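> what's the 3D shape of this:
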Amino acid sequence: MLQTNYTSYKYNPNEINEKDFLERFVIRNDIFEDIKNVDFNVSNQHYIIVGQRGQGKTFLLRRISIAIKNDKKLTKFLIPVKFSEEQYQIRSLCRFFEVIAEELQENNSEIFPNILDDLEKYIDDEDYESKCFEYFEEMVKTKN
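Numbering: from 1, shown residues only. The predicted structure follows:
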């Protein structure tokens, strides 16, 4: 049996290396099958994951993210965006877009190398949120 000291990341699934994480957690197939079979040409089902502290919400989201990254079909049109817990700095739609841009540039720099700089061009615009959304929409279409 594999002996590993899990006390350092007992409460934080993002601290467990991917191999150990995958050995210990199985994704709920019904959720993942829904994701795999979705038609992105129409409006889709949303999920709200609710639970008390420590019930595995973060584990589940990390497992879904890994499953998407490891599925060649899904990686053609899905990019998981991971947020830290307790996002108190997101108080507006524009800040939400900025946090997404930070995550995309940091973890998908081969696809989005300058996304933060590109968003900065619109920061003084009166309709900054709309410009950010339009930019994201254009980027998604451009990157297919």
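> what's the domain layout of the chain?
With automatic domain parsing as the criterion, the domains of the chain are listed as 7-76, 93-142.
> from the ones you listed, which stretch is densest packed?
Highest mean neighbour count of the domains of the chain: domain 93-142, a mean of 14 (counted as mean count of other Cβ atoms under 10 Å). (C-beta placed from N, C-alpha, C; glycine too.)
> that older thread, compare the domains of the chain and say which comes out lowest on pLDDT.
Mean pLDDT is lowest for domain 7-76 among these, at a mean of 77.
> for this structure, what spans make up the strands?
For the chain, no strands are identified by DSSP state E.
> Without its sequence neighbours, what residue ends up closest to the residue nearest the centre of the chain?
The residue lying closest to the centre of the chain (Cα atoms, centre = their mean) is V81, at 1.9 Å. Excluding the flanking residues, the one nearest V81 by Cβ to Cβ, 6 or more residues apart in numbering is E103, at 5.0 Å.
> Surely the one you found and I79 touch.
No - using Cβ atoms under 8 Å, E103 is not in contact with I79, being 9.3 Å away.
> Which residues are in contact with each of the two?
When Cβ atoms under 8 Å, 6 or more residues apart in numbering defines a contact, no residue borders E103 and I79 alike.
> Reformat the domains of the chain as TSV; add distance to E85.
As requested, the domains of the chain are exported to TSV (distance: least, Cβ to Cβ, whole Å):
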stretch	distance to E85
domain 7-76	7
domain 93-142	13
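> what's next to stretch 74-94, contact-wise?
The contact list for stretch 74-94 (Cβ under 8 Å, 6+ apart) reads 14, 35-36, 40, 58, 61-62, 64-65, 67-69, 95-96, 99-100, 103-104, 107-108, 111, 128-129, 132, 144.
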